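Peer 1: Prediction below, plus the sequence it came from.
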Amino acid sequence: MSKTLQAIRGMNDILPAQTPAWRYLEGTFAELLDSYGYSEIRLPIVEYTELFARGIGEGTDVVDKEMYTFLDRNEESLTLRPEGTAGCVRAVLEHGLSGGGQVQKLWYMGPMFRYEKPQKGRYRQFHQIGVEVFNQPGPDIDAELIILTARLWKQLGMADAVTLQLNSLGSSEDRARYRDALVEYLKARFEQLDEDSQRRLTTNPLRILDSKNAQTQALLADAPTLADYLDDESRAHFEGLKARLDAVGIAYEINPKLVRGLDYYGRTVFEWVTDKLGAQGTVCAGGRYDGLVAQFGGKPTPGVGFAMGVERLVLLLETLGLVPAELSRAPHAYICAFGEAAELAALQLSERLRDTLPGLRVLVNAGAGSFKSQFKKADKSGAHFALILGEDELAQRVVGVKPLRDDSEQQSIGWDALAGHLAASLQLRA
Ligand code: ATP
Ligand code: MG
């Protein structure tokens with residue numbers, strides 16, 4: 001017997017019961033971004049491996065351990081995108097969208113792929129909603145990104161469940177000087193470091209700062225801090241951001257150990273974190289990457305962005321009971337037709353209803369069945385009304401409208417009046 005085929009570990013089906021929450025989140029976000037003047041960009045899922053190796057950086061977990069890389073039929077190395085920023089920068093450059101210093105405010109959503117250990121909130125195919133802004137060097141836009149995410153939490157009703165963490169990574173020179181100081185400090189304590197951190201000391205020392213190892217964290221308590229290495233401009237940028245957040249009343253926590261896992265960040269980095277999802281608590285993360293465009297061969301172009309994890313946000317919506325009940329896609333009406341002639345009339349009637357009431361969700365029962373079995377199906381569908389078409393109704397050109405969700409009486413409505421009747425009772429717009 002052949003083995004039943006299963007989905008790949010860490011790559012989830014999003015089942016009909018879950019898609020309403022997804023559409024709610026995606027729709028709320030898209031409307032919000034519209035209101036701030038951002039435009040959507042849609043990007044390929046597969047890119048040349050080199051894009052990520054160069055952009056995200058060798059020595060990062062994503063590039064070293066997590067990428068889905070394979071050879072195309074012509075032997076070129078391709079990779080399923082592990083994140084969206086690198087591809088977005090590539091597209092902006094390729095199509096000259098940031099030329100002449102023009103401001104671009106972009107957003108995208110879609111699947112990302114990382115070979116990680118699957119667990120709650122961490123998958124191998126997951127989804128991000130991301131935003132990237134080009135040619136805006138000041139802290140005002142860093143603030144705007146944070147402000148608009150704060151508005152999203154408010155609209156979703158989860159503002160109390162998330163907190164904002166902020167840090168500044170300074171310029172690349174600041175980071176280089178700090179890296180030297182940190183390496184010197186940790187080298188003297190090499191034996192006390194956990195294995196991962198020992199390895200990172202040569203590959204990516206800043207990442208040691210967010211080690212989960214308690215002994216390593218204890219060592220770091222007295223280590224030099226990045227804040228002491230910031231130059232005046234980075235310091236002013238950070239102060240500018242904080243002043244703007246203060247002005248609109250967005251609370252934040254400065255986390256000097258927040259470094260982010262991708263190499264391209266400088267100056268502002270931030271994360272929105274929740275304590276409601278266990279270990280996978282970061283629902284949105286981002287920062288500034290002023291060096292990335294030039295690194296890809298473009299003119300130096302300021303960039304800043306963030307990405308949020310859709311699965312984690314959906315989990316949070318569900319955990320907090322915030323998925324609105326009216327998201328149910330249950331039909332408004334379910335037509336029960338008895339007899340061949342009635343079945344044809346039902347088809348005509350349902351299409352006429354769809355013409356007049358584009359928002360109406362109407363199902364037509366296909367196939368014969370007793371009264372009892374058809375009503376059972378109508379009820380099970382969750383419909384508000386059963387619309388009954390039998391021989392008598394056909395002869396009189398009426399429909400029996402039977403409310404299924406309350407005890408009110410069945411009514412007989414003429415075919416021409418049906419759309420108006422449904423629109424009024426269901427509060428639909430014609
Ligand atoms: P983490 O520290 O949780 O691994 P990260 O720093 O790797 O996150 P980013 O690359 O900044 O994450 O991605 C932005 C957001 O995308 C994360 O904050 C998280 O919400 C989500 N995310 C990242 N990796 C995964 C994954 N494997 N499964 C589900 N969501 C993810
Ligand atoms: Mg990660």
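Peer 2: Right, received. Where do you want to start? Ligands and ions are numbered 1, 2, ... in the order given.

Peer 1: Tyr115 - how many residues pack around it?
Peer 2: As a burial measure, Tyr115 scores 15 neighbours (other Cβ atoms under 10 Å). C-beta coordinates here come from the backbone N, C-alpha and C atoms, glycine included.

Peer 1: Against Asp407, how distant is it?
Peer 2: Separation of Tyr115 from Asp407 (Cβ to Cβ, to the nearest Å): 56 Å.

Peer 1: swap in Val162?
Peer 2: With distances taken as Cβ to Cβ, Val162 is found 43 Å from Asp407.

Peer 1: more crowded one of these two?
Peer 2: A direct count of neighbours by other Cβ under 10 Å for Val162 and Asp407 places Val162 higher, at 23 against 5.

Peer 1: Surely that one is in contact with Trp272?
Peer 2: Yes. With contact defined as Cβ atoms under 8 Å, Val162 counts as touching Trp272 (4.8 Å).

Peer 1: Spit out the residues that contact those two alike.
Peer 2: Common neighbours of Val162 and Trp272, counting by Cβ atoms under 8 Å, 6 or more residues apart in numbering, are 153, 283-284.

Peer 1: Give the burial count for the closest residue to Ile41 other than its chain neighbours, as a bare number.
Peer 2: Nearest residue to Ile41 in three dimensions, chain neighbours excluded: Leu106, at 4.7 Å (Cβ to Cβ, 6 or more residues apart in numbering). When neighbours are counted by other Cβ under 10 Å, Leu106 registers 21.

Peer 1: What of Thr319?
Peer 2: Close neighbours of Thr319, defined as other Cβ under 10 Å, add up to 13.

Peer 1: re the thing from before, now, the shared contacts of Val162 and Trp272 that are in strands?
Peer 2: In this view, those that belong to strands under DSSP state E are 283-284.

Peer 1: so which helix or strand takes in the nearest residue to Ile250 once chain neighbours are set aside?
Peer 2: In this structure, Ile250 finds its nearest non-sequential neighbour in Ala150, 5.3 Å apart by Cβ to Cβ, 6+ apart. Following DSSP states H and E, one finds Ala150 within helix 139-156.

Peer 1: and stretch 371-388, how far apart are its ends?
Peer 2: With Cα to Cα, to the nearest Å as the measure, stretch 371-388 spans 10 Å from end to end.

Peer 1: now swap in stretch 330-340 and tell me
Peer 2: Terminal residues of stretch 330-340 are spaced 26 Å apart (Cα to Cα).

Peer 1: I'd like to know how far the residue nearest to Ile250 sits from Met158.
Peer 2: Separation of Ala150 from Met158 (Cβ to Cβ): 11 Å.

Peer 1: Return the set of residues that bridge with the residue of the stretch 1-150 of the chain found nearest ligand 1.
Peer 2: Distances between the stretch 1-150 of the chain and ligand 1 by Cβ to the nearest ligand atom are smallest at Phe126, namely 3.4 Å. In this entry, Phe126 is beta-bridged to Met112, by DSSP bridges.

Peer 1: which residues does the nearest residue to Gly240 once chain neighbours are set aside contact?
Peer 2: Nearest non-adjacent residue to Gly240, counting by Cβ to Cβ, 6+ apart: Pro139, 3.5 Å away. By Cβ under 8 Å, 6+ apart, the contact set of Pro139 is 237-238, 240-241, 244, 268.

Peer 1: Export those residues as TSV, with columns for neighbour count.
Peer 2: Output for those, formatted as TSV (neighbours: other Cβ atoms under 10 Å):
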residue	neighbour count
His237	23
Phe238	22
Gly240	16
Leu241	24
Arg244	19
Thr268	26
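
Peer 1: Of the residues you listed, which is the nearest to Leu15?
Peer 2: Thr268 (37.8 Å; Cβ to Cβ).

Peer 1: touching ligand 1 at all, the helix or strand containing the closest one?
Peer 2: If you go by DSSP H and E, Thr268 is part of strand 266-274. No. Between strand 266-274 and ligand 1, judged by Cβ under 6 Å from any ligand atom, nothing touches; the nearest distance is 6.7 Å.

Peer 1: does Leu106 count as helix, strand or coil?
Peer 2: Secondary structure, DSSP: H, G, I helix; E, B strand; the rest coil: Leu106 is strand.
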